[in-house]
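Asks: Give me the fold of what follows.
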Amino acid sequence: MVDLIKYKAQASRLIIGIIFFLGSVYLETKNFLLFHTLMELFCVFISFAMAAVALNTYRLSSEQFGSFLGLAYFFVGFFLLLHTITIPALGVIPNSSVNMSIHFWLASRYMEGISILAACRLLQNEKIYKTRIIKYLYPLITGVLLTAIGYWNILPISYLEGYGFTDFKVLSDGVILILFGISFFLFIKEKKSIDRK
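Replies: Residues are numbered from 1 along each chain as shown. Here you go, the predicted model:
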């Protein structure tokens, strides 16, 4: 009887997953802007949820890995939200541009990649990080990036109308992939220390 209940629960999850996937593919073909916006907002929600869990459980946790990463994701989600609402076709922010939206996306990805790499380093030596890093350094970096993207507009152009993505954007994507790759290998290497905790 218990096996039948587990089987039904797994089958239900699989069916919901298939429906969600097919609905996403259909929506993506019919209205890409809506699809993209919903997917980005879903990622923002997950980022903020991670931050909320980390904020409410860091005093209960003996390790800093989850707390550090969870709180860092607040800032990742913040930049991802800015990326989403500055998409010019949405019309949410007047005078926004494709470049501004891409720069916010790059800021969120760089911050995510560096944060995951730092969290993996934290697994190797928990004494090197304190919550103060997130309290002071992340807001400072966020302020500098907001000013650089939204006010000074000093970052290199990422998108040219009629040309597409520039070398800066393509190179940045490569650097971000390298950050994630290094983080992945460090995480696998340090996985045993997570299992012990």
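Asks: right, and Gly70 touches Met50 too?
Replies: Yes - between Gly70 and Met50 there is a contact at 4.6 Å, judged by CB atoms under 8 Å. Backbone N, C-alpha and C define where each C-beta goes, glycine included.
Asks: And the two? Which one has more around it.
Replies: Gly70 (23 against 19; other CB atoms under 10 Å).
Asks: secondary structure element for that one?
Replies: Using DSSP states H and E, Gly70 sits within helix 65-85.
Asks: Over to Asp173?
Replies: Here Asp173 sits within helix 167-189, counting by DSSP H and E.
Asks: where does the most centrally placed residue in the chain land on pLDDT?
Replies: The structure's the chain has its C-alpha centroid closest to Val76; by CA atoms, centre = their mean the separation is 5.0 Å. pLDDT recorded at Val76 is 96.
Asks: Tally up the residues packed near the residue lying closest to it once chain neighbours are set aside, please.
Replies: The shortest distance from Val76 to any non-neighbouring residue, by CB to CB, 6 or more residues apart in numbering, is to Glu112 (4.6 Å). The local packing of Glu112 (other CB under 10 Å) involves 23 other residues.
Asks: can you state the direction angle for whatever helix or strand comes next after the helix holding Gly70 and helix 65-85?
Replies: Once helix 65-85 ends, the next helix or strand along the chain (criterion: DSSP H and E) is helix 98-124. Going by axes from the mean of the first three to the mean of the last three CA atoms, to 10 degrees, helix 98-124 is angled at 180 degrees with respect to helix 65-85.
Asks: returning to what we had before: which residues touch the helix holding Asp173?
Replies: 102, 106, 109-110, 113-114, 116-117, 119-121, 123-124, 155-159 (CB atoms under 8 Å, 6 or more residues apart in numbering).
Asks: Kindly report the same for stretch 73-93.
Replies: By CB under 8 Å, 6+ apart, stretch 73-93 touches 33, 36-37, 40-41, 43-48, 50-51, 54-55, 96-98, 100-102, 104-105, 107-108, 111-112, 115, 138-139, 141-142, 145-146.
Asks: what about 6 Å?
Replies: Around stretch 73-93, the neighbours that count as contacts under CB atoms under 6 Å, 6 or more residues apart in numbering are 33, 40, 43-44, 47-48, 50-51, 96, 100-101, 104-105, 107-108, 111-112, 138, 142.
Asks: got the CA positions of it in PDB?
Replies: The C-alpha trace of stretch 73-93 is given here as PDB (Å, rounded to 0.1, in the frame of the first residue of the first chain):
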ATOM      1  CA  TYR A  73      21.500  35.200  -3.600                       C
ATOM      2  CA  PHE A  74      19.500  38.200  -2.300                       C
ATOM      3  CA  PHE A  75      21.800  40.400  -4.300                       C
ATOM      4  CA  VAL A  76      21.800  38.000  -7.200                       C
ATOM      5  CA  GLY A  77      18.000  38.100  -7.300                       C
ATOM      6  CA  PHE A  78      18.000  41.900  -7.000                       C
ATOM      7  CA  PHE A  79      20.100  42.300 -10.100                       C
ATOM      8  CA  LEU A  80      18.100  39.700 -11.900                       C
ATOM      9  CA  LEU A  81      14.900  41.600 -11.000                       C
ATOM     10  CA  LEU A  82      16.500  44.800 -12.400                       C
ATOM     11  CA  HIS A  83      17.400  42.900 -15.600                       C
ATOM     12  CA  THR A  84      13.800  41.800 -15.900                       C
ATOM     13  CA  ILE A  85      12.100  45.100 -15.300                       C
ATOM     14  CA  THR A  86      14.500  47.100 -17.600                       C
ATOM     15  CA  ILE A  87      13.700  45.000 -20.700                       C
ATOM     16  CA  PRO A  88      12.600  47.900 -23.000                       C
ATOM     17  CA  ALA A  89       9.800  45.900 -24.600                       C
ATOM     18  CA  LEU A  90       8.100  45.600 -21.200                       C
ATOM     19  CA  GLY A  91       8.000  49.300 -20.700                       C
ATOM     20  CA  VAL A  92       8.200  49.100 -16.900                       C
ATOM     21  CA  ILE A  93      11.200  51.500 -16.600                       C
END
